[in-house]
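Structure for this input, please:
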Amino acid sequence: MGNTNVYSNADFDFKRVAQGYKERPFLHKQVIERFQRDVTKELFLNGLDVGCGAGLSSMALKQICGHVTGTDISPEMIAVAREVCKDSQGYDFFVSSAEKIPPAEEKYDIVTAAGVIQWINRESFLKNLRNIIKEQGYVLIYDFSVSDKMRDSKTYSDWWHNAYLKEFPKPFRNESVWSADDVNCCQFSMLDQVQYEMEYQFDRESFIKFMMIQSNVNAKIEGEGRSIEDVRKWFEQSLAAIFDTERKTVIFTGYSWYMKALYIDGN
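As a prediction, the model looks like this:
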């Protein structure tokens, strides 16, 4: 059981990428609000945010949790998360892989993992998680990504498929959907799995900044040595016909998986 595509901090452990992550759309807040509508309005004392990145997902979890611990395999991401949350109380951050997070003094009431599962070993992650979460604790696994749709713009969709993805092919990501059996054998129950769309408005400059920290673009810059200036110029030129002076509404697609830790006897 479990995928073998284990996450490596080499994919995201760059200062440029980590700094860019703190300016990503704060759609995490909407995901937490959906969790409260779909699952429970309960407030929690002690939460864990796995793969916290620049801390935005930790900030979202903090809305329903008294104390949040954020972990990420990338030291650069942890440094930025501490910077982002430095003026607020109730946060701790430390570097750790998702599969090896050590137990805290008090087990966690809720665990979130945003944009993480594509890079981890499922079995190792769930087995370790079962040791550090309370019985009947909640798990929210989610992700959202920019799509090929812009409101009222077929030109954007054409650009996405015929220009962007050809210039920056997507690297391999494990996109498998976990089943109830996958999680039940590690003493978790899959409560529900939902898909949805969210919207965010960009001007051309903010959209380019966002796209330049995408994993496939980063693979060209950090992995293959393509210059940042060259990549930026490509985006500026190719997007000229799409973005004018007005902000544009881009569609993000997302999913959430709601899980709960079973009692040891399976109930």
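
C-alpha from now on. contacts and neighbour counts both.
Noted.

what about this structure, any weak spots by pLDDT?
Residues of the chain meeting the criterion pLDDT under 70: 1-14, 264-267.

Strands of that one, start to end?
Counting by DSSP state E, the chain has strands at residues 44-50, 65-72, 91-95, 108-114, 133-150, 188-202, 248-261.

which residues are contacting the shortest one?
For strand 91-95, the external contacting residues (Cα atoms under 8 Å, 6 or more residues apart in numbering) are 67-75, 78, 81-82, 85.

Just the C-alpha atoms of it, please, in CSV.
In CSV, the C-alpha atoms belonging to strand 91-95 read as follows (Å, rounded to 0.1, in the frame of the first residue of the first chain):
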residue,chain,number,x,y,z
TYR,A,91,1.8,29.4,16.3
ASP,A,92,4.8,27.1,16.3
PHE,A,93,6.7,26.1,13.2
PHE,A,94,9.4,23.4,12.6
VAL,A,95,11.0,21.5,9.7
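
Could you give the separation of that strand from the chain centroid?
17 Å (Cα atoms, centre = their mean, to the nearest Å).

Name the strands paired with that strand and say parallel or antiparallel.
strand 65-72 (parallel) (DSSP bridges).

residue contacts, the nearest residue to residue 193 once chain neighbours are set aside?
Leaving out its chain neighbours, the residue that sits closest to residue 193 by Cα to Cα, 6 or more residues apart in numbering is residue 257, at 4.4 Å. Residue 257 sits next to 139-142, 190-194 when contact means Cα under 8 Å, 6+ apart.

what's the answer for residue 112, then?
With contact taken as Cα under 8 Å, 6+ apart, residue 112 is in contact with 47-50, 61, 139-142.
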